[in-house]
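A.B. asks: A predicted structure for the sequence below; I have some questions about it.
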Amino acid sequence: MTALYLYAIVSSRPRTTLGRGLARQPLAVVPAAGAHVIVERAGVPAITAPNLRAHDRVVRRIARACSAVLPFRFGSVVADRAALVSLLAPIAPSVGRALELVEGCVQFTLRVYGRAAPAPKPSRGAGPGTRFMNARLRARQVPEVAPVTAAVAPLVRATRVERHDREPLLASVYHLVPRAEMRRYRAAVRAASRALDGVRVETTGPWPPYAFAETP
């Protein structure tokens, strides 16, 4: 029996036809976890650049038809509908909260390139616990683009940060932005980027909210 390939969780059943997926099979909707999951009857596709792009195109199509979307990672598969319902049932509350967060929003990604800001020196006598917490805090901050962060703060519903510290790529910053604020967000990033020193920001998007679809 062919498995189900997973594309996204959505808050409500789409009112439009979603077309076909990677395997050229019609997309279907499966109720689960108090929401709906867009699936295709297909197995795991080969990991190739064309398939990755095709997966993203399908997710984008779904995002255009739905106001709240939680995309699955490429290659997510379950055996059948019963397995899907069983998989999501224990995390239904988390799914509901995540859908509320992304409602009406898209993701913009900022890639930060340049010279890393010096890490703050630990206070004298700081123990391993303090040093660990300081490292965790730094992993969630990008002081190199503080002017941009301040400028877009009123336009951003949520933020995820991934530090790389492999110069020239210092960090990736993911912003969840209401669709109605996209134009103002782009303008704010452009204007605030002029104040940056030693770094530059590359902005991509809008994307479906991949970085905000993590559930337990």
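C.D. replies: Now that the structure is in, tell me what you want to look at. Numbers count the residues shown, from 1 in each chain.
A.B. asks: mind listing the strands for this structure?
C.D. replies: Applying DSSP state E to the chain gives strands spanning 4-10, 27-32, 35-41, 69-71, 77-78, 105-114, 158-166, 169-178, 199-207.
A.B. asks: now for the first one, which elements pack on it?
C.D. replies: The contact analysis (3 or more C-beta pairs under 8 Å, 6 or more residues apart in numbering; DSSP states H and E) places strand 4-10 against strand 27-32, strand 35-41, helix 49-65, strand 69-71, strand 77-78, helix 81-88, helix 92-102. All C-beta spots, glycine's among them, are computed from the backbone N, C-alpha and C.
A.B. asks: now render these as TSV, adding distance to Ser11.
C.D. replies: Below are the helices and strands packed on strand 4-10 laid out as TSV (distance: least, C-beta to C-beta, whole Å):
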stretch	distance to Ser11
strand 27-32	12
strand 35-41	6
helix 49-65	12
strand 69-71	8
strand 77-78	20
helix 81-88	14
helix 92-102	5
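A.B. asks: just for this protein, where's the confidence low?
C.D. replies: Applying pLDDT under 70 to the chain flags residues 1, 119-140, 215-216.
A.B. asks: apply 90 and report the result again.
C.D. replies: Applying pLDDT under 90 to the chain flags residues 1-2, 13-17, 43-44, 115-141, 165-167, 214-216.
A.B. asks: next up, the contacts around Phe212.
C.D. replies: Phe212 makes contact with Leu70, Ala98, Leu101, Val102, Gln107, Ala158, Arg160, Tyr174, Leu176, according to C-beta atoms under 8 Å, 6 or more residues apart in numbering.
A.B. asks: now with 6 Å, please.
C.D. replies: For Phe212, the contact set (C-beta atoms under 6 Å, 6 or more residues apart in numbering) comprises Val102, Leu176.
A.B. asks: out of the strands of the chain, which is closest to Arg184?
C.D. replies: Nearest to Arg184 among the strands of the chain is strand 169-178; the distance by C-beta to C-beta comes to 9.0 Å.
A.B. asks: quick one: the nearest residue to Cys105 once chain neighbours are set aside from Arg166, how far?
C.D. replies: Computed as C-beta to C-beta, 6 or more residues apart in numbering, the closest residue to Cys105 that is not its neighbour in sequence is Leu176, at 4.9 Å. Leu176 is 25 Å from Arg166, where distance means C-beta to C-beta, to the nearest Å.
A.B. asks: now do Arg20
C.D. replies: Applying C-beta to C-beta, one obtains 39 Å for the distance of Arg20 from Arg166.
A.B. asks: pick out whichever of the two has more residues nearby.
C.D. replies: Each of Arg20 and Arg166 had its neighbours counted (other C-beta atoms under 10 Å), and the higher figure belongs to Arg20 (13 against 9).
A.B. asks: this completes my enquiry, with thanks.
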